[in-house]
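Asks: the following block contains a protein sequence and its predicted model.
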Amino acid sequence: MTFALQMSKKGKILVAMSGGIDSSVAAMLLHEQGYEVIGMTMKTWDYATSGGARKTTGCCSLDDINDARNLAVSRGFHHMILDIREEFGDFIIDNFVDEYLSGRTPNPCIMCNTHIKWDALLKRADMLGCDLIATGHYANKREENGRHIISKGLDQNKDQSYVLWGLSQEALARTIFPLGGFTKPEIRQMALDQGFPELAKKNESYEICFVPDNDYRGFLSRRVEGLTDLLDGGDFVDASGTVIGKHKGFPFYTIGQRKGLGKAFGEPMFVTKIDPKTNTVTLGREDELLGHSMYVRNPNFQKLTEVEDGREAVTKIRYNNKGAMSRLYNEPDGRIRVEFDHNVSAIAPGQSAVFYDGDDVIGGGFIARSEEIPMDFSKKIIAGEKV
């Protein structure tokens, strides 16, 4: 397989390059198509300060930054490094910690896309005279009826439309996704065909970039002084409130968790509820994880400007979730109430809910407890001036 070469120049484009195979091939594709590519690698986190085990996989480590730069040099296009550690840490990591301390399960990648990376890329694109930006996400985008619409990527196993629900129309208008029409095996073959066998062999990363050892509990303990001592000794309770054991602190558990409870109960037990006010974690059987409705706060709509009450949609409540048929209703406080046609399992406050019309993203938001009101994200984080 070879790249389709188009000789005409298409203008300047800023490409986010993590050093991994996907963003690297995206940059090569655009370069071969005639764009004047500027690669930009964002340094979001100083791994030496994480305190965890040595990072061996993932993205944006020093090795990955060097890989991105070397590829750009070999292909003859510019590459820059953008240091956004301060902005990233102040917003994404603080939010990550606050969410766990509030008994929710955050998705920092979505927060980063929505509030950090796209803002930083678009700001630099303006500074560098680039009309467009691009990333290596497996997703598609089109314009229809005056709206910029994200849809699922061709490779259903790699589709990343779920993590892009928070992007504004202004951001989407200037964004392209070169990999949306390819499968992962095709991307690996492209890297091989272009003479980058080591790139083609790079492992997938499913880790949170600032938790390189994938131990978020250890990260929280190191980040919040005295956290373990403060919260240790809370109660495991059943649905009736009866104490059935002791836990190590509610932030160390997530809805749906079965393993790592530290105690045998005679039958499989799952985390069904987390109450930060009382430092209690409710356990129950698998059927007690089922729910038929939920609230979604801070919704952002892409295909539509709003949804009418009773709108049908397939709603995904986790990245790897297949989605379930549901109906959407507007609440007076701005939240969306989701009523599922059939019960779904492990609805986790803090995670994202994304609404689909076929392959198209209607919009999404954060799963909330019934009493939670929308959060104020009006103070957008803008990355610093250094390039």
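Replies: Here it is on my side, so go on.
Asks: now do the contacts for S345.
Replies: G256, E286, L289, L290, G291 (CB atoms under 8 Å, 6 or more residues apart in numbering). Where you see a C-beta, it was placed from the backbone N, CA and C, and this is true even at glycine.
Asks: what is the least confident helix or strand in the protein?
Replies: helix 227-231 (a mean of 74; mean pLDDT, DSSP states H and E).
Asks: got the contact list for the very next helix or strand once past it?
Replies: Once helix 227-231 ends, the next helix or strand along the chain (criterion: DSSP states H and E) is strand 235-237. Strand 235-237 is contacted from outside by 243-247, 261, 263, 278-283, using CB under 8 Å, 6+ apart.
Asks: please enumerate the helices of this protein.
Replies: Assigned helices in the chain, in chain order: 21-32, 62-75, 85-88, 94-101, 108-112, 118-128, 169-172, 184-193, 197-200, 216-223, 227-231 (criterion: DSSP state H).
Asks: what residues does the fourth one touch?
Replies: Spelled out, it's helix 94-101. Here helix 94-101 makes contact (CB under 8 Å, 6+ apart) with 105-106, 108, 111, 208, 210, 216, 220, 223-224, 251, 276, 350.
Asks: closest one of these to N70?
Replies: Comparing the contacts of helix 94-101 against N70 with CB to CB picks out F210 as the nearest, at 24.4 Å.
Asks: W45 is in contact with the closest one, correct?
Replies: Yes - counting by CB atoms under 8 Å, W45 is a contact partner of F210 at 4.2 Å.
Asks: identify the contacts common to these two.
Replies: F88.
Asks: elements contacting the longest strand belonging to the chain?
Replies: For the chain, the strand with the greatest residue count under DSSP state E is strand 290-301. The contact analysis (3 or more CB pairs under 8 Å, 6 or more residues apart in numbering; DSSP states H and E) places strand 290-301 against strand 336-345, strand 360-368.
Asks: of all these, which one comes closest to A120?
Replies: That would be strand 360-368 among these, by CB to CB, at 21.4 Å.
Asks: hang on, the earlier thing: list the buried residues in the least confident helix or strand of the chain.
Replies: Residues L227, L231 are the ones in helix 227-231 that count as buried (16 or more other CB atoms under 10 Å).
Asks: again, but for stretch 358-372
Replies: D359, D360, V361, I362, G363, G364, G365, F366, I367, A368, R369, E372.
Asks: who touches it?
Replies: Identification of contacts with stretch 358-372 by CB under 8 Å, 6+ apart yields 140, 149-152, 161-162, 164-166, 294-304, 307, 311, 313, 317, 335-336, 347-356, 375.
Asks: P349 - how many residues pack around it?
Replies: 22 (other CB atoms under 10 Å).
Asks: number of residues surrounding F301?
Replies: 18.
Asks: shift numbering so it begins at 47
Replies: Understood, numbering begins at 47; the last thing we discussed is F347.
Asks: give the bridge partners for it, please.
Replies: Beta-bridge partners recorded for F347 (DSSP bridges): G409.
Asks: can you pull the contacts of it?
Replies: By CB under 8 Å, 6+ apart, the contact set of F347 is V353, I408, G409.
Asks: these two touch, right, H388 and A370?
Replies: Yes - using CB under 8 Å, H388 is in contact with A370, at 6.5 Å.
Asks: tell me which of the two has more neighbours.
Replies: A370 (18 against 9).
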